[in-house]
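Student: no sequence on this one, just coordinates:
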């Protein structure tokens, strides 16, 4: 069973429906006892960094998510990926979940923001079979990006500047794009994440 964190914001329905098409059972909850029973955790997200962290804190989920990440594979999707980082600067500085070192800042590009549409993945780290996704297209909707160390960047995309598209630190993963809206490639990436085992 896959646990989807419900903090009142996010693309929960689309993520859940996509996993259902894969025949995967999910539970949507903000209750620690329920989420602890899941094999994997997905943190969705649509909206602003600050408002999302505020909701997570209001529901007492910050320490819960950190604890889950110490034991289980965790995937942040779109804004959910950004929340995994140390801090964000959307509407002022706000501390994130601090599961991956780095900052979330507005994309420094002359291109139109938000970055919306299909864009290519360029694989930087070929571990775990990610090399199979070189050049594949996935669907993005965002105006902010992660600024982090190269060791955590699995894949990038180009939008006037190089943007981290997939990040990983141990069993914590992030996808800046929407895998649930990225067709067959997105489904394959979700299946890859679901094949990751938790810490023993």
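Tutor: Great, that's in hand. Here the structure is a predicted model, which is why all the values come from computation and not from measurement.

Student: Helix or strand with the lowest mean pLDDT in the chain?
Tutor: Between all helices and strands in the chain, the lowest mean by mean pLDDT, DSSP states H and E belongs to helix 12-21, at a mean of 92.

Student: List of residues touching that one?
Tutor: By C-beta atoms under 8 Å, 6 or more residues apart in numbering, the residues outside helix 12-21 that reach it are 2, 4, 6, 26, 28, 42, 44, 77, 178-181, 186-187, 190. Where C-beta positions appear, they are placed from N, C-alpha and C, glycine not excepted.

Student: okay, among those, which ones form the most distant pair?
Tutor: 6 and 187 (22.6 Å; C-beta to C-beta).

Student: Give me the more crowded residue out of those two.
Tutor: Neighbours of residue 6 and residue 187, each counted by other C-beta atoms under 10 Å, are more numerous for residue 6; the result is 19 against 16.

Student: List the first helix or strand encountered after the helix or strand hosting residue 50 toward the C-terminus.
Tutor: Following DSSP states H and E, one finds residue 50 within helix 49-58. Toward the C-terminal end, the helix or strand that comes next after helix 49-58 (DSSP H and E) is helix 62-69.

Student: Next, the buried residues of that following helix.
Tutor: Buried residues in helix 62-69, counted by 16 or more other C-beta atoms under 10 Å: 62, 64-65, 68-69.

Student: give me every residue that touches the residue lying closest to residue 178 once chain neighbours are set aside.
Tutor: What sits nearest to residue 178 in space, not counting adjacent residues and going by C-beta to C-beta, 6 or more residues apart in numbering, is residue 139, at 5.2 Å. Taking C-beta under 8 Å, 6+ apart, we find residue 139 in contact with 117-118, 177-178, 181-182, 186.

Student: Just the pLDDT at residue 139, thanks.
Tutor: Residue 139 carries a pLDDT score of 98 in this model.

Student: so what strands line up beside the helix or strand hosting it?
Tutor: In the assignment (DSSP H and E), residue 139 maps to strand 137-142. Within its sheet, and counting by DSSP bridges, strand 137-142 is paired with strand 115-120 (antiparallel).

Student: Check which helix or strand the residue nearest to the spatial centre of the chain maps to.
Tutor: For the chain, residue 76 is the residue whose C-alpha lies nearest the centre (C-alpha atoms, centre = their mean; 2.2 Å). In this structure, residue 76 sits in strand 74-77 according to DSSP H and E.

Student: Just after that strand, pick out the following helix or strand.
Tutor: Elements were assigned by DSSP H and E; along the chain past strand 74-77, the next helix or strand is helix 79-83.

Student: and that following helix, average pLDDT?
Tutor: Helix 79-83 shows a mean pLDDT of 97 in the predicted model.
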